[in-house]
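sequence and predicted structure are below.
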Amino acid sequence: MRILVIEDERRIGGFLQRGLTEEGHRVEVVPDLASARTRLGEGWDLLLVDRMLPDGDGLQLVRDLRRDGDRTPTICLTARDRVDERVEGLVGGADDYLVKPFAFEELLARIGAVTRRGGAPERIEIADLVIDLAGRRVSRAGTEIKLTAREFDLLRYLAERPGRVISRTRLLEAVWDTTHDPGTNVVDVYVSYLRAKVDKDFGPPLIHTVRGVGYVLETEGR
Ligand code: CA
């Protein structure tokens with residue numbers, strides 16, 4: 001998994017980076033909210049967010065993400081150990097909460113739990129688009145839309161990251177599990193299928209092309 005660690009204490013950041021890298025993850029550490037915000041659109045599979053950061057409370061970042069519909073699994077790290085703050089952490093949209101100091105094994109267990117359940121809601125709603133994740137059903141404006149399995153996976157990947165521009169390479173990796181396009185522009189072809197089903201007879205369009213970069217699902221056009 002690609003993991004972004006937002007932690008200002010270098011010792012802890014280094015410890016997490018080493019430990020999680022040894023577990024086979026790709027890990028990057030940033031020391032504050034400002035630098036985290038510049039990196040959030042990069043398709044992370046997990047965020048580890050310290051609460052007491054030099055430029056604010058990590059929980060605010062989680063709240064902002066959730067408000068934008070971003071469901072990236074998130075674990076808050078904190079030195080504070082008070083029940084009301086734990087509750088606040090979960091209410092703020094974090095999937096779990098770990099009090100420092102913690103054992104690395106404990107962190108791994110929590111990571112396993114939140115990424116298994118994917119931090120994911122059972123449905124995603126963006127404007128009048130509704131995606132029932134468990135039932136793999138999609139509708140717009142109350143009208144059911146039939147998608148193939150691949151189309152569904154592609155739509156889901158974009159919809160789980162609303163407002164984030166996703167490159168073709170990233171989509172190939174995530175949806176087709178390959179880094180190599182066999183020269184067929186398969187991503188573009190499937191995006192056009194999706195548009196024909198999801199956007200064409202409805203409005204306003206949700207799937208947008210960002211020329212030279214990739215695709216984004218969002219309610220406003222670019
Ligand atoms: Ca801190």
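Ah, there it is. Numbers count the residues shown, from 1 in each chain.

any idea how far the residue lying closest to D68 once chain neighbours are set aside is from G112?
Counting by Cβ to Cβ, 6 or more residues apart in numbering, G163 is the residue found nearest to D68 once chain neighbours are left out, at 6.1 Å. For the C-beta atoms, the positions are set from N, CA and C on the backbone; glycine is no exception. To G112, G163 is 28 Å away according to Cβ to Cβ, to the nearest Å.

quick one: which of these two has more around it?
Using other Cβ atoms under 10 Å as the criterion, G163 and G112 rank with G163 on top: 14 against 10.

where does the more buried one land in three-state SS?
Following DSSP: H, G, I helix; E, B strand; the rest coil, the label given to G163 is coil.

looking at it, it is touching R67, isn't it?
No: taking contact to mean Cβ atoms under 8 Å, the distance of 11.2 Å between G163 and R67 leaves them out of contact.

need the per-residue pLDDT for the most centrally placed residue in the chain.
Against the mean C-alpha coordinate of the chain, by Cα atoms, centre = their mean, the closest residue is T72 at 3.1 Å. In this model, T72 is scored at 91, pLDDT.

what do you get for the one 10 residues further on?
Predicted confidence (pLDDT) for R82: 60.

could you identify the helix or strand that succeeds the lowest-mean-pLDDT helix or strand in the chain?
Among the secondary structure pieces of the chain, namely its helices and strands, helix 83-91 has the lowest mean (mean pLDDT, DSSP states H and E), a mean of 67. Once helix 83-91 ends, the next helix or strand along the chain (criterion: DSSP states H and E) is strand 96-99.

cool, thanks, talk later.
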